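K.L.:
The following comprises the amino acid sequence and a computationally predicted model.
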Amino acid sequence: AVVRTRLMHRQSARSIIRSILPAFQQQALTAGPAAPLNSGHALKGATASSLTPRQPVRHLSASAMASPFYGLTAADIKGEEFPFAQLQGKVVLVVNVASQCGFTPQYKGLQELYDKYKDQGFTIIGFPCDQFGHQEPGQEAEIASFCQKNFGVSFPMMSKVEVNGDNTHPVYQFLKSEKKQLFMERIKWNFEKFLINKQGEVVQRFSSAGDPMKNIAPEVAKLLDEQ
């Protein structure tokens, strides 16, 4: 009898639950989402900022933030790799040079410019090129010797490259795409110059003519003063 009574109580309880469950389900559907936690019921270990809705934050990698300029490489005049990553934070002047050009004496002004600002975060990168009047016919060792003996060149010099055409070096592909001269990408002659700021941005392009110390030194000084 006792067992029968307990079974009856269990069956009765189940019947009651089945009868009221639909009502609770309907109430939950009409009530909508649960209310957010208020400040008086913050979760243990949570901070105010972690409970406050926020816009998603974009985390940029160092490589994504850096200029493509710093991803470039070239072979120096000795044939060794010269990664442009080492130029980060510097003001840089890139110039295509030749040993038998009417503008070749500009090496003197370029070296003076380099000597004046090299200790302040400035450098010059020279790229010998034989595409203009065949005025750089020598091999790298000859070019290096000529520059050092005649002008005391001590700024970094690269191996010979092409600056126009199908075989344009990647450095010049970048420079010309960033700073066109008179709406033309093509390099016109020896000793054209590109000035790059501390962020790896091409900010100015100079024609072949002109004294580097008079025309470019003031612009270099301005960029060096920038943070």
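P.N.:
Done, it's in.
K.L.:
How about residue 76: what's its closest non-neighbour residue?
P.N.:
Closest residue to residue 76 apart from its sequence neighbours, by CB to CB, 6 or more residues apart in numbering: residue 82 at 4.5 Å. For the C-beta atoms, the positions are set from N, CA and C on the backbone; glycine is no exception.
K.L.:
domain parsing for this structure?
P.N.:
1-29, 67-225 (automatic domain parsing).
K.L.:
can I get those domains in a markdown table with mean neighbour count and mean pLDDT?
P.N.:
Below are the domains of the chain laid out as a markdown table (neighbours: other CB atoms under 10 Å; pLDDT from 0 to 100):
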| stretch | mean neighbour count | mean pLDDT |
| --- | --- | --- |
| domain 1-29 | 9 | 49 |
| domain 67-225 | 17 | 96 |
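K.L.:
returning to what we had before: give the contact list for the residue nearest to residue 76.
P.N.:
73, 74, 75, 76, 156, 158 (CB atoms under 8 Å, 6 or more residues apart in numbering).
K.L.:
likewise residue 150?
P.N.:
Taking CB under 8 Å, 6+ apart, one finds residue 107 in contact with residue 150.
K.L.:
Need the three-state assignment for it.
P.N.:
What DSSP: H, G, I helix; E, B strand; the rest coil gives for residue 150 is helix.
K.L.:
Would you confirm that residue 169 contacts residue 163?
P.N.:
Yes: Residue 169 is within contact range of residue 163, at 6.8 Å (criterion: CB atoms under 8 Å).
K.L.:
I'd like the distance between the residue nearest to residue 199 when sequence neighbours are not counted and residue 168.
P.N.:
Closest residue in space to residue 199, ignoring its immediate chain neighbours: residue 67 at 6.1 Å, by CB to CB, 6+ apart. From residue 67 across to residue 168, the span is 19 Å (CB to CB, to the nearest Å).
K.L.:
before we move on, the earlier item: need the overlap of contacts for residue 169 and residue 163.
P.N.:
Contacts common to residue 169 and residue 163, judged by CB under 8 Å, 6+ apart, are residue 127.
K.L.:
Which stretches in the protein count as helices?
P.N.:
Assigned by DSSP state H, the helices in the chain fall at 2-31, 48-51, 62-65, 106-117, 140-151, 170-178, 212-215, 217-225.
K.L.:
now the last one and helix 106-117, what's the angle there?
P.N.:
If I follow you right, that is helix 217-225. 30 degrees (axes from the mean of the first three to the mean of the last three CA atoms, to 10 degrees).
K.L.:
if we look at helix 217-225, which residues are touching it?
P.N.:
By CB under 8 Å, 6+ apart, helix 217-225 touches 91, 93, 113, 116-117, 120-122, 195, 197-198, 203-204.
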